[in-house]
Every structure is written in structure tokens, then in C-alpha cells.
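Participant: test case, fold it:
(one chain, ligands or ions: 3)
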Amino acid sequence: MSTLSEVYTKHPLNLQQIIPLDFDSIGTVPDSHAWPDSDGFVSNDRFSIPTIDLEDSDAAKLIGHACEIWGAFQVVNHGIPLNLLDEVESEVRRLFSLPTTQKLKALRSPGGATGYGLARISSFFNKFMWHEGFTIMGSPMDHAKELWPHEYQKFCDVMEDYQKKMEELARTLMRQILKYLATSEEEMNWVGSLGGASTALQLNSYPMCPDPHRAMGLAPHTDTSLFTILHQRTSGLQILKEGVGWVSVHPVTRALVVNIGDLLHILSNARFPCVLHRVVMKEPKQRFSVAFFYSPPVDFHLYPLALSSGQIPLYRSVSVAEYVGKKAKNLDKALSSIRI
Ligand SMILES: C=C1C[C@]23C[C@@]1(O)CC[C@H]2[C@@]12CCC[C@@](C)(C(=O)O1)[C@H]2[C@@H]3C(=O)O
Ligand SMILES: O=C(O)CCC(=O)C(=O)O
Ligand SMILES: [Fe+2]
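Facilitator: Residues are numbered from 1 along each chain as shown. Ligands and ions are numbered 1, 2, ... in the order given. Down below sits the predicted model:
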């Protein structure tokens, strides 16, 4: 069975330039990074996504409603130790504070899936983003040694512990979601088969920007995952809500953000929207975030679950590997390409 990393390796990025800008030495936003300021990156501040206590006895219902209405929510009492979140944040800061020449030693190769570099979606836009990323799948040891020939161990220990704990949380959330979707016993057991889930960790840095209104942190996109669990401590994330517009997802103390990806949208037969989101450069400081992507094993075939009688499936069955390939080629046309 292949791994997620092998699947991404089969779909190399089609980018002329694969190296992020040297943000340390830049005093203005170059034309290559200047986005047309069509909507001023404003958000509708009358709305916000719900915050849900995972220990609430009604958690499954609250999560399900949030998924249906927003495609996103914040979760507290999630069981991830706060000192681990602090350590992750501090290691992320340590990584992105390295000089650019050092970070480039761990540059993701054009066909590679892990390491330092641009977001994969960059090839679909004609402007670059005010962003640098570092992707981890499994052990980050090889790249960490490239970054820090001696002080790599702490980074690896923290990231591995975080991935393990995030996967446990993801399984808990998935169980609640399946409960809400009222899937049959057989379908419920499906979560058990997610033992070999495909996961990835994306460390994001949005350096301080000299002209925030001209730069885009991360362009609008949906995640490929079932769902993504995001750790953030600085504003900038916005989600698009039909009929409302862009809504800011401000950090809530000790909360993690969960957003629905394409695969859960398919699984829920479009009951849950896969939420379009972006990052804007609002704050006058560098912003960091850590995204954990949770998907089934790559050879797993997904199809709409929990259909009531007479309800027709909106998507055909697709393997995770096939869908990742479609997204790599067509980005936002991937979903419509499997629509029945
Ligand atoms: C597992 C993955 C999801 C992701 C591609 C990746 O291989 C690792 C990076 C992820 C990320 C983060 C920024 C936005 C995004 C669309 C991208 O370009 O890279 C997501 C990818 C995704 O969800 O498809
Ligand atoms: O930085 C953020 O808040 C969002 C990151 C994101 O959307 C991603 O990594 O897919
Ligand atoms: Fe995302």
C-alpha cells in the first residue's frame, strides 16, 4: 500500500519558481506578490463560527450542526495538552526564524511532498503568496537534520508527539461526526478501519508584511482532507460562508479550529460544505499556524454514506489516491469531476 507522501510525489508541482521569497531582506511587496485588492480582504464581523466543548454531552449534535451550517467550528476541551501546543509554537518559531539559506537546505524537491517551500496550490495562481511552509508526513528527522545538524531532536520529538495526539483527537471527532450522520453499525465500524489514516502536518509562517493590503497570506482554497485541525494564535484566517461573505476566525483561548475538507464533503453527500478559506495579512506581526490534515488510507474508496431511502448519491466512489491526483491537476474542478 502506498503512503500519502508517495501519492503526492507522483504529482510534482508545476512551478517555475519553487523557492519562497527571502522575506527577511524585503522592504516592499514586489509585483510578483501584489494581489488585486478586489474586496479589500474585509470580513463580515457580525458572524463567527461556533465554539464547541468536546466534553459536552451533546457534542455530536453540536459538531454536526456546525459542520452542516459552517463547515467549520472551534473546539475546546480537546485533550491536547496546552504545554504541547506551546512547545509546537516555539519549535515552529525556531524553524522559521532560521536564516533563509539554512531553511533552503530542507527545500522540498519539485517532486517531493515534505520539507520547506511554497504551498502546493501556488501553481494555480499567477501571484505568489506571503507565506512559507514546512510539510511533515511521519518523521521529520531527515529534514530536521538538514536544518539543525545538532539541535534537531527536540523538534522531532515535539512534532511526532503532536501528530500522535492530533490523530487521537481526529478519531474522536470522526466518531462524533459519524454518530451525527446516523450511519449504520457497519458504516460506524468504518472509522475502525481508519487505523492506517493518512495524515500530514503543515507548519505555516506568514512573515510580517510591509504592505498588508496588497499581499495574500494563503489564497482561497478547500483542503483535500476529511477535515483539518488548525492551531493558530493570531488572526488572519477567514472562511467563506454562502450568503454572508468572508467571516474571520479569530483565535479563541485554548481552542483548535476544525474545518471540513473535500473528502468529508463527499462522504456526507454534500450535507457538509467543504469550506473555502484564506489567510489575509491583517496583523502587524509574523503569524504562525499548524494544520493537521486527516484523511483515510490512500487506497481507501470513499463514497456518500448514510443515504436515506430515495436519496441519490451526488458523488461516485473515488479512492483517496485518485482524488489527490485530480486535485493536483485541477484544484477546484476536482469535486465536479466526480459528481454524478
Ligand atoms: C497533505 C497535504 C494537504 C495539502 C497538501 C499536503 O501534501 C501538505 C500541504 C497541504 C496544503 C497546506 C496549504 C493549503 C493546501 C491546499 C496546499 O497547497 O498545501 C493544502 C493541501 C491540501 O489540502 O490539498
Ligand atoms: O494558516 C491558517 O490559518 C490556515 C492554513 C491552511 O489553510 C492550511 O494549511 O491548509
Ligand atoms: Fe487550508
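Participant: which helices and strands does the helix ranked longest in the chain pack with?
Facilitator: Criterion DSSP state H: the longest helix present in the chain is helix 153-180. If you count contacts as 3 or more CB pairs under 8 Å, 6 or more residues apart in numbering; DSSP states H and E, helix 153-180 packs onto helix 59-69, helix 82-96, helix 141-147, helix 185-188, strand 198-206, strand 227-232, strand 287-295. Quick note: C-beta positions are derived from backbone N, CA and C, even for glycine.
Participant: okay, the angle between the fifth one and strand 287-295?
Facilitator: With axes from the mean of the first three to the mean of the last three CA atoms, to 10 degrees as the basis, strand 198-206 and strand 287-295 are set at 170 degrees to each other.
Participant: which residues touch stretch 300-315?
Facilitator: With contact meaning CB atoms under 8 Å, 6 or more residues apart in numbering, stretch 300-315 is reached by 178, 181-184, 187, 190, 193, 263, 266-270, 296, 316-320, 323, 335, 338-340.
Participant: which of those residues count as buried?
Facilitator: 178, 181, 183, 190, 263, 266-269, 296, 318-320, 323, 335, 338 (16 or more other CB atoms under 10 Å).
Participant: one step back: out of the helices and strands packed on helix 153-180, point me to the one whose mean pLDDT is lowest.
Facilitator: With a mean of 72, helix 185-188 has the lowest mean pLDDT of the helices and strands packed on helix 153-180.
Participant: need the helices and strands packed on helix 153-180 in a markdown table with distance to Thr135, can you?
Facilitator: Listed next are the helices and strands packed on helix 153-180 as a markdown table, based on distance: least, CB to CB, whole Å:
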| stretch | distance to Thr135 |
| --- | --- |
| helix 59-69 | 26 |
| helix 82-96 | 12 |
| helix 141-147 | 9 |
| helix 185-188 | 31 |
| strand 198-206 | 5 |
| strand 227-232 | 13 |
| strand 287-295 | 10 |
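Participant: which of the residues in the helix or strand bottoming out on mean pLDDT in the chain are buried?
Facilitator: Using mean pLDDT, DSSP states H and E, helix 185-188 stands out as the lowest-scoring helix or strand of the chain, at a mean of 72. Buried residues in helix 185-188, counted by 16+ other CB under 10 Å: Met188.
Participant: so what's Asp24 closest to, chain neighbours aside?
Facilitator: Thr100 (6.0 Å; CB to CB, 6 or more residues apart in numbering).
Participant: surely that neighbour is in contact with Ala106?
Facilitator: No: assessed by CB atoms under 8 Å, Thr100 is found out of contact with Ala106, at 11.5 Å.
Participant: so which residues on this protein come close to ligand 2?
Facilitator: Listed as neighbours of ligand 2 in the chain under the rule CB under 6 Å from any ligand atom: 202, 204, 218, 223, 228, 230, 232, 237, 277, 279, 289, 291.
Participant: and the stretch 101-250 of the chain, which residues reach ligand 1?
Facilitator: Residues of the stretch 101-250 of the chain that fall close to ligand 1, judged by CB under 6 Å from any ligand atom: 113, 119-121, 135, 200, 202, 221, 223-225.
Participant: just flag the most distant two among those residues.
Facilitator: Ala113 and His221 (17.1 Å; CB to CB).
Participant: quick one, which of these two is more surrounded?
Facilitator: Ala113 (22 against 18; other CB atoms under 10 Å).
Participant: columns secondary structure on top of the residues of the stretch 101-250 of the chain next to ligand 1, output as CSV?
Facilitator: Converted to CSV, those look like this (DSSP: H, G, I helix; E, B strand; the rest coil):
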residue, secondary structure
Ala113, coil
Ala119, coil
Arg120, helix
Ile121, helix
Thr135, strand
Ala200, strand
Gln202, strand
His221, strand
Asp223, coil
Thr224, coil
Ser225, coil
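Participant: let's see if you can find the most crowded of the residues you listed.
Facilitator: In terms of neighbours by other CB under 10 Å, those top out with Ser225 at 26 neighbours.
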